[in-house]
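Visitor: Need coordinates for the below:
(one chain, ligands or ions: 2)
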Amino acid sequence: MKMKTYQAGPLEANNYLLWDEETKQAVLIDCSDFTQELEEDIKTLGLKLEYILLTHGHFDHVLGVNETAKALGAKVGGHKDDLPLLENINEFSAFVDFPQTTPPKVDFYVKDGDEIEFGKNRIKVFHTAGHTEGGICYLVNGEKLFSGDTLFRGSYGRTDLFGGNFDKIYSSINEVLFKLDDKTEVYPGHGESSTIGFEKKYNEINNR
Ligand SMILES: [Zn+2]
Ligand SMILES: [Zn+2]
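Guide: Residues are numbered from 1 along each chain as shown. Ligands and ions are numbered 1, 2, ... in the order given. Reported below is the predicted structural model:
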């Protein structure tokens, strides 16, 4: 599997494009803006974007969903508990300088334990509430964890926004994510990548 990271949108969220080199099937994790770079990469590499998978419903991760899904023919998956965030996106994004937008449309729901395949690759879904009610982490091939705003390098997502809950993010991280192998690579919604082993040692959630 190949991967490329894009930083896009008003808060420079990470969007991750994953693809199977053999079948050319691709998946995009979060879509904070519709960028020419992504569209050109898809064309150049001859990829078929099957899914856009949302880690959560915050506007800074989903502002490009509708346009990208339409342009590239992808289906959008997200957790239903974050629908209130998506439906009221213009209310939540009012403090940044970004044009009003149509609420992102979700084509299918993902839930804890689901498995999604593209080519020979397998994505496992973990429902990790706390930053938002419908927060999701995606584990790809048992090796790479796409952690959205749940787990960052050294820190974790804020819990003072709509749907946030510290006790939930605490247990999502300690009872779910920290049970993964130490070697698991972590690719968050903002900032640098990490590993589960590093975070178990240094993440501030357990060093407060
Ligand atoms: Zn967020
Ligand atoms: Zn974010």
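
Visitor: pLDDT score for Ala26?
Guide: We have a pLDDT of 98 for Ala26.

Visitor: Doesn't it belong to a strand?
Guide: Yes. Ala26: assigned to a strand according to DSSP: H, G, I helix; E, B strand; the rest coil.

Visitor: what's near enough to touch it?
Guide: Neighbouring residues of Ala26 by C-beta atoms under 8 Å, 6 or more residues apart in numbering: Leu17, Leu18, Trp19, Asp20, Ile42, Leu47, Lys48, Leu49, Glu50, Phe118. C-beta here means a position set from N, CA and C on the backbone, and glycine is covered the same way.

Visitor: need the contact list for the third one.
Guide: Residues near Trp19 by C-beta under 8 Å, 6+ apart: Met1, Lys2, Met3, Gln25, Ala26, Val27, Leu45, Leu47, Phe118, Gly119.

Visitor: For the residue nearest to it when sequence neighbours are not counted, which residues count as its bridge partners?
Guide: Leaving out its chain neighbours, the residue that sits closest to Trp19 by C-beta to C-beta, 6 or more residues apart in numbering is Ala26, at 3.9 Å. On the basis of DSSP bridges, Ala26 is bridged to Trp19, Leu49.

Visitor: And Phe118, by the same measure?
Guide: Beta bridges link Phe118 to Asn121 when assigned by DSSP bridges.

Visitor: And it, how close does it get to Lys2?
Guide: 12 Å (C-beta to C-beta, to the nearest Å).

Visitor: from the contacts of Trp19, which is closest to Leu86?
Guide: Ranked by distance to Leu86 (C-beta to C-beta), those are led by Val27 at 19.1 Å.

Visitor: check whether the least confident helix or strand in the chain by mean pLDDT contacts ligand 2.
Guide: None of the helices or strands of the chain scores lower by mean pLDDT, DSSP states H and E than helix 89-92, at a mean of 89. No. Against ligand 2, helix 89-92 shows no contacts by C-beta under 5 Å from the ion, the least distance being 11.2 Å.

Visitor: Select only the buried ones of the contacts of Trp19 in PyMOL?
Guide: Selection command for PyMOL covering only the buried members of the contacts of Trp19, criterion 16 or more other C-beta atoms under 10 Å:
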select buried, resi 1+25+26+27+47+118+119
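
Visitor: Which pLDDT does the model give the residue nearest to the spatial centre of the chain?
Guide: Nearest residue to the geometric centre of the chain (C-alpha atoms, centre = their mean): Thr55, 3.2 Å. On pLDDT, Thr55 comes in at 98.

Visitor: could you measure the nearest residue to it once chain neighbours are set aside against ligand 1, distance?
Guide: Nearest non-adjacent residue to Thr55, counting by C-beta to C-beta, 6+ apart: Gly148, 2.7 Å away. Gly148 is 7 Å from ligand 1, where distance means C-beta to the ion, to the nearest Å.
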